[in-house]
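**Student:** heads up, no residue letters with this:
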C-alpha cells in the first residue's frame, strides 16, 4: 500500500515554493480543560491546494484543535494565521467569514427540509426566502457540475442516502465560499464506493485550489488521499510528514508511541457443530419498514462470522433480535433449541441464560449506564446472578471484588472500580463491557462494532480477546462497519445490504473490492473484472 | 463540581436568592424584611411548640418528597402526589372506621396498609397508561389529582359524612385508632409538647427514608429502577422490563404519598376532612428536587419547608401587613428558586468548578 498509484495527481502542493503563505498556520496553540491539556503548543502549516491529514487516537486532541479553528473553543495561547494574516476566530461565524467550512462527523442537517433549504439555512440574503433560494439553486447547479457533487436540490434530506447528505454538507460549506474545508471522520458512514466518490470530490476541490483538512483514524485513507499528514498524540503534534515518505506502520507507531500490530494474529479456525441457526428472520420497525427481509445464517462453534455492510442495512436489527431486544418472526435455534422471538421469554435475561452474550454496538447508549460506577456496570445484565446477591439485597462487596479482578485481567485503566463509566476512555469502556460479557464464557458472543471509538492500542487487545474466545471453541457473530476489522478478524464473512444477506465468503478468499460491491447491493457473482485477491487494496486505487 | 457543592452549595444559593426576592416583596409592602425573617425562624424553630408544628408539616413533606424521589429515579415525574395522598387518606379513614380498633398498635399497621394500597392504586392507573399506552405520566397524574379531589367531595358529602353533621367530613375515628402524639417522642427523650399535632408518624417517616435508601441503593429492584431511569435502551439491553419497572416505581411512589395520611388524617385530624392534603403533594416535588432525590436530602428539604410553613403562619400572625397570600408568595418563591430555577444556579456553579478544577471536555 504505497502512494505510487496516485497517478495523474501532483505529489506535492503546487504553490509553496512559489512563496504563497500557508492557507492555515497555527502557532503554539494550547488549550486546557481543567487539568487536562487537550492541546499542547501545537504548530502546523497547511499549504493551499493540498489535502492535509490529521491522524491520532481518540482523545489525542484532533477535535479540540479543529474546534479552535472553527471557533467553538478559544485557545488559551497561540495564534491562528489564515492566508498569511493573523486572524481571530471567536465563533463559527468568524470562521465562515475567514473561509473555513466544516463537515462534521454527525451531519447538521434539517431532516425534513430539502437540500436547497438546508444549503440556504443560515445564509439567507434577506427577509424573503424566494430570491435566496433561486440564487442558491443557480450556485448549487454550478458547484454540482464543477465538482461531481450531484444531489437533487429538491429532495428532502430524509429521503437521500448518507453519501448524498455528506455532499450536501460540503455544498453548504462551498456555498458559504469556503476555501478551506475541514472534514471530521468523513468516511465512517460510507460504503467503500461512496468513500471513493468522496475522495474524487476532494481531489477535484484540491485541483481548484481549495485546501482540505482530513481528520481520520483510518490509516488507509491517510495513505491514499492526503499529501501531508500530521500525527497527534496526547495533545501534542508528534510529527508532520509527507505522505509519500511514510508508511502505515510508521504512522501507527507515531500515534501510539510504540510498535503496533496492525493485523490480528490468529490461527486457522477449527469450526465445530452449528451453535446458532437463523432461518428467514424478519423484522418490521414501528414505521412499517421491513428492516430484516428473511435473513438466514449459521454460526459454528470455534469460528467468527463477520457481518459486513454499511451502517443501517439491518445489522443492528440482527444483533438486537438475537440479543433479545427486538421481537422478530422466523426461526432461531441455539444449540438446536428454538428460542422465543416474540413472547414472554424474548428478553435479554433469557438470552443470557441460553448462553448468548451481547457486546452491543453502542456501548454508551446500551452497553453501559454512563452514570453508574464501573462495579455497578459489571452487574449490568447480570443483576440476577446469585453471586451478586445476598438475600434481598445486592452483594456490593462481592461485586466490587469481581470488578477489580475483571479490570485487572482486561487491563482497564484507571483500575478504579468506583469511577463512573463516563470518566473512562472509549477503549476502557469497551474493555469493561467485554470483560463482563466474555468472562461469562458464552456459547455465542454477539459483538457489534467492537472497536468503534477505541484507540489503536486497545484495538489490538480487544481483537485478541475475541480471537481467544473463538479458540476456546465458542461461536462469535461479529458486526462491524470497518472492513479491515471484518477481514482481519472473521473466518467467514456475510455481507448485508437492505436487510438481506447478499453473499457469504471465506474471509481468506475475498477482498475489500468484492465485499464493497456486495455492500453496495451488487451481487458478487456478476462483478466486473477478476478478483486479484490482494488484501488491503482499497477501492481508491481502482481507476476511477 | 465537588459533591458538597452539588448537595449543599447550590441549594443554599437557591435559598438565599429566594429569600432576597422575598425580602424585596416584604420591603415593597412596607415591612422590614430582616424582622420578618427573624419572626419566621423564631416561630418555626425557636420553641418546642414551634418545632412541633414544623416537624408535623415536615412529616407530610417527607412522605410526598420520597414519593416524588422514588419515581424520579425511574425518570418518571409523578405530579400526582396530591391525589395519591388524598386517596391514601380515604384508605386510612376506611380502615380506621371499619373496625372498633382496641389499640393503635393494631390499627396502625392496618392503616399503613390501607393508605399505601389506596395511594398505590391511584398511581397504578397513570402508571399503566404510561407503560402500555405511552400516555405522559405528568399529564395523567395531574388529571388524577382533580379526579381524586372530585371523588372525595362526592364521598364526603354524600356517602361518608357522619349522620347529623353539617360539615363534609367523616365521623371521628374510634379511640383505638388515634396515634400517640408528641408525648411519645418525649418518652424517647425529645421534649415535644403534646399540644402540637406532631405524632408518631414522624418516626414512620424517618423509617421510610431509611427504607427508600435501602431500596434504591441496596436492592436489585432499586438497581433496576436507577438503570431504567438513566437509560431505557440500556435497561432493555440488560433484560429489564420497562413495563415492570414503570409499574413498580409508580406503585411504590403512590404508596409513599398515600402514607402521608397516617400523619395528617390518622395522626392529626382523626377524621377524614375535605382537602386533607393541603398542597403537600406539590411541595413534595420541590422537596425531592431540592433533596436531589436522596432520602437524606428529602429529609432536610422537608424540614426546611416545614420551617417555611410554620414560620409563615407565625409571620402572618405577628405582621398583620403580611397576609396569608403573601406567605404563599414567599413559599412559592422558594419552590421556584429551588425547583424550577435550579439550573439557573447549578450551571454557573458547574462552569465555575469546571473552569477551576476538573478536566472533562
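**Tutor:** Yep, that arrived. Predicted, not measured: the structure shown is a model, and the values here were computed from it. Residues are numbered from 1 along each chain as shown, chains lettered A, B, ... in the order given.
**Student:** quick one: whichever helix or strand residue A:102 is part of to chain centroid distance?
**Tutor:** Per DSSP states H and E: residue A:102 is located in strand A:100-103. Here strand A:100-103 is found 20 Å from its chain centre; the criterion is Cα atoms, centre = their mean, to the nearest Å.
**Student:** pLDDT weak spots in chain B?
**Tutor:** Applying pLDDT under 70 to chain B flags residues B:182-193, B:356-361.
**Student:** how far away is whichever residue of it sits closest to chain A from residue A:355?
**Tutor:** Closest to chain A within chain B is residue B:239: 3.1 Å, counting by Cβ to the nearest Cβ. Quick note: C-beta positions are derived from backbone N, CA and C, even for glycine. Remark: distance between residue B:239 and residue A:355 (Cβ to Cβ, to the nearest Å) = 14 Å.
**Student:** more neighbours, those two?
**Tutor:** Higher neighbour count among residue B:239 and residue A:355: residue B:239, with 22 against 19, using other Cβ atoms under 10 Å in any protein chain shown.
**Student:** the more buried one belongs to a helix?
**Tutor:** No - per DSSP: H, G, I helix; E, B strand; the rest coil, residue B:239 lies outside any helix segment and is coil.
**Student:** which residues touch it?
**Tutor:** Neighbouring residues of residue B:239 by Cβ atoms under 8 Å, 6 or more residues apart in numbering or on different chains: A:324, A:347, A:348, A:349, A:350, A:351, A:352, A:381.
**Student:** average pLDDT across the strand holding residue A:102?
**Tutor:** Average pLDDT, strand A:100-103: 92.
**Student:** packing partners of that strand?
**Tutor:** If you count contacts as 3 or more Cβ pairs under 8 Å, 6 or more residues apart in numbering or on different chains; DSSP states H and E, strand A:100-103 packs onto helix A:162-175, strand A:180-184.
**Student:** columns mean pLDDT on top of the ones you listed, output as CSV?
**Tutor:** Shown next, in CSV, are the helices and strands packed on strand A:100-103 (pLDDT from 0 to 100):
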stretch, mean pLDDT
helix A:162-175, 89
strand A:180-184, 93
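**Student:** most neighbours per residue, which of those?
**Tutor:** Across the helices and strands packed on strand A:100-103, the average number of neighbours (mean count of other Cβ atoms under 10 Å in any protein chain shown) peaks for strand A:180-184, which reaches a mean of 23.
**Student:** now that strand against helix A:162-175, angle please.
**Tutor:** With axes from the mean of the first three to the mean of the last three Cα atoms, to 10 degrees defining the directions, strand A:180-184 sits at 150 degrees from helix A:162-175.
**Student:** tell me where the longest helix sits in chain A.
**Tutor:** helix A:129-147 (DSSP state H).
**Student:** how about residues contacting that helix?
**Tutor:** The contact list for helix A:129-147, computed with Cβ under 8 Å, 6+ apart, reads A:115-117, A:119-120, A:123-126, A:149-151, A:153, A:171, A:174-175, A:201, A:204-205, A:208.
**Student:** now which of these would you call buried?
**Tutor:** For the contacts of helix A:129-147, a neighbour count by 16 or more other Cβ atoms under 10 Å in any protein chain shown gives the buried set as A:115-117, A:119-120, A:149, A:151, A:153, A:171, A:174-175, A:201, A:205.
**Student:** next step: those restricted to helices.
**Tutor:** Reading helices off these with DSSP H, I get A:115, A:116, A:117, A:119, A:120, A:171, A:174, A:175, A:201, A:205.
**Student:** now the residues you listed as CSV including distance to residue A:108?
**Tutor:** Shown next, in CSV, are those (distance: Cβ to Cβ, whole Å):
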residue, distance to residue A:108
A:115, 14
A:116, 16
A:117, 14
A:119, 12
A:120, 14
A:171, 13
A:174, 16
A:175, 14
A:201, 19
A:205, 20
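**Student:** count of neighbours near the spatially closest residue to residue A:400 that is not a sequence neighbour?
**Tutor:** Leaving aside its sequence neighbours, residue A:400 sits nearest to residue A:375 (Cβ to Cβ, 6 or more residues apart in numbering or on different chains; 4.6 Å). Look at residue A:375: counted by other Cβ under 10 Å, it has 24 neighbours.
**Student:** make sure residue B:318 is actually in contact with residue B:39.
**Tutor:** Yes - Residue B:318 lies in contact with residue B:39 (Cβ atoms under 8 Å); the separation is 5.2 Å.
**Student:** which bits of the stretch 51-200 of chain A sit near chain B?
**Tutor:** Contact residues (Cβ under 8 Å from any Cβ of the partner chain) of the stretch 51-200 of chain A with chain B: residue A:64.
**Student:** quick one: pLDDT of the closest residue to chain B within the stretch 51-200 of chain A?
**Tutor:** Here the stretch 51-200 of chain A gets closest to chain B at one residue, residue A:64, 7.4 Å apart by Cβ to the nearest Cβ. Per-residue pLDDT puts residue A:64 at 86.
**Student:** how far out from the middle of the chain is the longest helix of chain A?
**Tutor:** Distance, centroid of helix A:129-147 to centroid of chain: 32 Å (Cα atoms, centre = their mean).
**Student:** the stretch 401-544 of chain A: strands as residue ranges?
**Tutor:** Assigned by DSSP state E, counting those that start in this stretch, the stretch 401-544 of chain A shows strands spanning A:444-448, A:475-479, A:492-497, A:500-506.
**Student:** mind checking which of these is nearest chain B?
**Tutor:** strand A:444-448 (10.9 Å).
**Student:** what residues does that closest one touch?
**Tutor:** Strand A:444-448 is contacted by residues A:275-276, A:299, A:315-316, A:319, A:322-323, A:334, A:355-362, A:437-438, A:466, A:469, A:474-480 when judged by Cβ under 8 Å, 6+ apart.
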